[in-house]
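>>> show me the folded form of this:
(2 chains)
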Number of protein chains: 2
Amino acid sequence: MVIDKNECVKLIRENGEFLVLSHEHPDGDTLGCAFALCEILKILGKKRAFLCSDEVTADFSYMTEGFSADEVKNPFVIAVDVADLKLLGNIAEEYKDKIDLCIDHHMSNTFYAKNNFVEDRAAACEIIYELAVLMGVELNQYIRNCIYTGISTDTGCFRYQNVTPSVFRVAAELMEQGVDSKKINKLMFETKSKSSLRLEMIARETLEYHFDGKCAIITVTQDMYKKSGSNEHECYPITALPRQIEGVLVGAVIKEKKDGSFGISVRTEDGIDAAEICARLGGGGHKGAAGSSFRETYEEGKQKLLDSIKISLDGISK
Amino acid sequence: MVIDKNECVKLIRENGEFLVLSHEHPDGDTLGCAFALCEILKILGKKRAFLCSDEVTADFSYMTEGFSADEVKNPFVIAVDVADLKLLGNIAEEYKDKIDLCIDHHMSNTFYAKNNFVEDRAAACEIIYELAVLMGVELNQYIRNCIYTGISTDTGCFRYQNVTPSVFRVAAELMEQGVDSKKINKLMFETKSKSSLRLEMIARETLEYHFDGKCAIITVTQDMYKKSGSNEHECYPITALPRQIEGVLVGAVIKEKKDGSFGISVRTEDGIDAAEICARLGGGGHKGAAGSSFRETYEEGKQKLLDSIKISLDGISK
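This next block holds a predicted model:
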């Protein structure tokens, strides 16, 4: 069922115990939502716990360290920033019929929850911010930091095409109230570990162009992580790189995972739908940024990706 | 003389012919100020011309193409975003006693003009925006784009420590009114030419650490521009790189100029004053970002830079 913000608030008000779920390989927005929501629930006098299929990386420790879970027995389950059930990772099977509410900003949301509150926003954290305001919850610094993390990371620090006046206004409010934006920006956008610098150098060597330079692909292998002393999480900044190259309309990064399968990140220019490119490969996401994965060989998977990109590029040249 | 915004408005109102000056190697903020101000003056029915020691690079053509100068005989001269007379470059000598008004946001401003309106803002364009509002000038799309260019480029697209709630609010206003932020962001922050990518790869190889990794330096030579097919303007993104490395408090880029002299860009973490480091070398700027130049050999100049950095690093360890 699709619900509006008032029904969403009602569901939160009438329940007492909550379990908040983030998506696999959790990023700043899903974690910002989850921990901000948990803190809001605490302020409202409710019990809440948090669950995610993957470990939260150390750069988000300012969120995890400020959180201690309550014991919950029969919780009302809320998934935040989770567009599709399968993005819950290895807890998807267990929770598939148990998601009471989904709060999300992906227009590709599959409405898998009993109640779905989905709005087209730059970040799901923007929605959490509005719900807090609507419920009359006074933000504390922890909530401000969580929400700022979500809106800044999902907008590339106010750089991506998804930024709206509302995003700027929420940021202005949070900053006026003293949010630790300097610390968070430094951590999220301005810090490159020496190992991630090395990874970037090595990975850039794989840069290849297709379709008259309209498409650029970078490949990151497990071997590169080993050589550079980096980890998969440090691959993230590389994701943006191919599409930034002059003349490139579709940028993709193919990432080898530990189990030998591959992840694909696709970023596109205005007018080409990244979600569409990835949907043909069984994935999804936003118009400008989407993802998918494959278990075939690298060459086979890349060919399928190129085929899908070609369909979208052919579409615009008509 | 130091003046306030009302006196600044008065000076603009009571004059009829203007010459607006930008600083040498003009960036988004000085150009955004100059062309926004010229358009505001035009709307006010005044004549205006523009002058800069260096050519405006092609990426700012959306500003220059929308501008055609009037003939001015005995103009009231306004310098925008120019902290020091010598930053006017090769027109400094000619105009040294002729600057009627300086509008600037650098706290290192030397008050060289007859009237100086200096406020501590993230971008000088923020001041131009306020003056326009104060004068009741309705912004058109050209002015919006100029002002957005200044505030976005001087804040690293809302990422640097100088961002304030006011910056976000101006951005929200401009976006609400339809500023071409997507186009400008793409041009300013999201486009890397193939040659600049190559330059970055080559320049990164020169990365060296000093003072237990607290300082990182990258060097860019004329030879590298040749090898990569890039130009000096494409060096700009590299400037931010050294300071972004984990543990680095002072990042510097030493750039060889065509005449054999060198430019220095210094970026620092909170608590270390980049302007101070550069002031010891005859330069200046902001707390977090400053610059200087030298005519000695590379080794001599670098040693002086390192000596100055050491003084600042020693200062914090006390």
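>>> from A:Cys278, how far out is the residue nearest to A:Leu85 when sequence neighbours are not counted?
Excluding the flanking residues, the one nearest A:Leu85 by Cβ to Cβ, 6 or more residues apart in numbering or on different chains is A:Tyr112, at 4.3 Å. Yep, even glycine has a C-beta here, placed from its N, CA and C like the rest. Between A:Tyr112 and A:Cys278 the computed distance is 18 Å (Cβ to Cβ, to the nearest Å).
>>> again, but for A:Ser261
Distance, A:Ser261 to A:Cys278, by Cβ to Cβ: 15 Å.
>>> near chain B, which residues of the stretch 101-250 of chain A?
Proximity of the stretch 101-250 of chain A to chain B, by Cβ under 8 Å from any Cβ of the partner chain, involves residues A:157-161, A:163-166, A:168-169, A:171-173, A:175-176, A:181-182, A:185-186, A:189-194, A:197, A:201, A:204, A:207, A:241, A:243-246.
>>> buried subset of those, written for ChimeraX?
This is the ChimeraX syntax for the buried subset of those, where burial follows 16 or more other Cβ atoms under 10 Å in any protein chain shown:
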select /A:157,158,159,160,161,163,164,165,166,168,169,171,172,173,175,181,185,186,189,190,191,192,193,194,197,201,204,207,241,243,244,245
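>>> now A:Phe211. Nearest residue, chain neighbours left out?
A:Leu313 (5.6 Å).
>>> how confident was the prediction at the one you found?
pLDDT recorded at A:Leu313 is 96.
>>> equivalent analysis for A:Lys318, please.
The predicted local confidence for A:Lys318 is 57.
>>> do the same with A:Thr57
For A:Thr57, the model assigns a pLDDT of 89.
>>> number of residues surrounding the closest residue to it other than its chain neighbours?
Among residues not flanking A:Thr57 along the chain, A:His233 sits closest, at 5.0 Å (Cβ to Cβ, 6+ apart). As a burial measure, A:His233 scores 15 neighbours (other Cβ atoms under 10 Å in any protein chain shown).
>>> and A:His233, how far from A:Ile264?
17 Å.
>>> start to end distance for stretch A:58-67?
End-to-end distance of stretch A:58-67 (Cα to Cα, to the nearest Å): 14 Å.
>>> run through who's touching it.
Around stretch A:58-67, the neighbours that count as contacts under Cβ atoms under 8 Å, 6 or more residues apart in numbering or on different chains are A:26, A:28, A:31-32, A:35, A:38-39, A:50, A:56, A:142, A:145-146, A:149, A:180, A:183-184, A:187-188, A:233.
>>> now the residues you listed: which count as buried?
A:26, A:28, A:31-32, A:35, A:38-39, A:50, A:56, A:142, A:145-146, A:149, A:180, A:184, A:187-188.
>>> that older thread, in strands, which of the contacts of stretch A:58-67 appear?
Those of the contacts of stretch A:58-67 mapping onto strands are A:Phe50, per DSSP state E.
>>> in helices, which of the contacts of stretch A:58-67 appear?
A:28, A:31-32, A:35, A:38-39, A:142, A:145-146, A:149, A:183-184, A:187-188 (DSSP state H).
>>> A:Leu249 contacts A:Arg267, doesn't it?
No - using Cβ atoms under 8 Å, A:Leu249 is not in contact with A:Arg267; the gap is 9.9 Å.
>>> neighbour-wise, which of these two wins?
A:Arg267 (27 against 20).
>>> what helix or strand does the more buried one sit in?
Element membership for A:Arg267, per DSSP states H and E: strand A:262-268.
>>> may I have the strands that pair with that strand, each with its orientation?
Under the criterion DSSP bridges, strand A:262-268 sits next to strand A:250-256 (antiparallel), strand A:289-294 (antiparallel) in its sheet.
>>> need those in CSV (columns: distance to B:Gly285, mean pLDDT and mean neighbour count).
Listed next are those as CSV, based on distance: least, Cβ to Cβ, whole Å; pLDDT from 0 to 100; neighbours: other Cβ atoms under 10 Å in any protein chain shown:
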stretch, distance to B:Gly285, mean pLDDT, mean neighbour count
strand A:250-256, 34, 97, 24
strand A:289-294, 35, 93, 22
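>>> relative to A:Phe76, how far out is the closest residue to A:Val72 other than its chain neighbours?
Closest residue to A:Val72 apart from its sequence neighbours, by Cβ to Cβ, 6+ apart: A:Glu17 at 4.4 Å. A:Glu17 is 7 Å from A:Phe76, where distance means Cβ to Cβ.
>>> show me which of these two is the more surrounded one.
Legend: neighbour count by other Cβ under 10 Å for A:Glu17 and A:Phe76, higher for A:Phe76 (23 against 17).
>>> just give the nearest non-adjacent residue to the more buried one, would you?
A:Asn15 (4.0 Å).
>>> that neighbour: neighbouring residues, count only.
18.
>>> A:Ile264 bridge partners, please.
What pairs with A:Ile264, by the bridge criterion (DSSP bridges), is A:Ile254, A:Ser292.
>>> and what of A:Glu17?
Beta-bridge partners, per DSSP bridges, of A:Glu17: A:Lys47.
>>> in stretch A:131-145, what's buried?
By 16+ other Cβ under 10 Å, the buried positions in stretch A:131-145 come out as A:131-132, A:137, A:139, A:142-145.
>>> want to throw those residues into a markdown table with distance to B:Arg295 and pLDDT?
Output for the buried residues of stretch A:131-145, formatted as a markdown table (distance: Cβ to Cβ, whole Å; pLDDT from 0 to 100):
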| residue | distance to B:Arg295 | pLDDT |
| --- | --- | --- |
| A:Leu131 | 60 | 98 |
| A:Ala132 | 58 | 98 |
| A:Val137 | 60 | 97 |
| A:Leu139 | 54 | 97 |
| A:Tyr142 | 52 | 98 |
| A:Ile143 | 54 | 98 |
| A:Arg144 | 49 | 98 |
| A:Asn145 | 47 | 98 |
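>>> from A:Arg204, how far out is A:Asp212?
21 Å.
>>> got it, and A:Ile78?
40 Å.
>>> now do A:Ala92
From A:Ala92 to A:Arg204 the distance is 35 Å (Cβ to Cβ).
>>> how about A:Asp59?
23 Å.
>>> between A:Ser261 and A:Cys278, which one's more packed in?
Legend: neighbour count by other Cβ under 10 Å for A:Ser261 and A:Cys278, higher for A:Cys278 (25 against 13).
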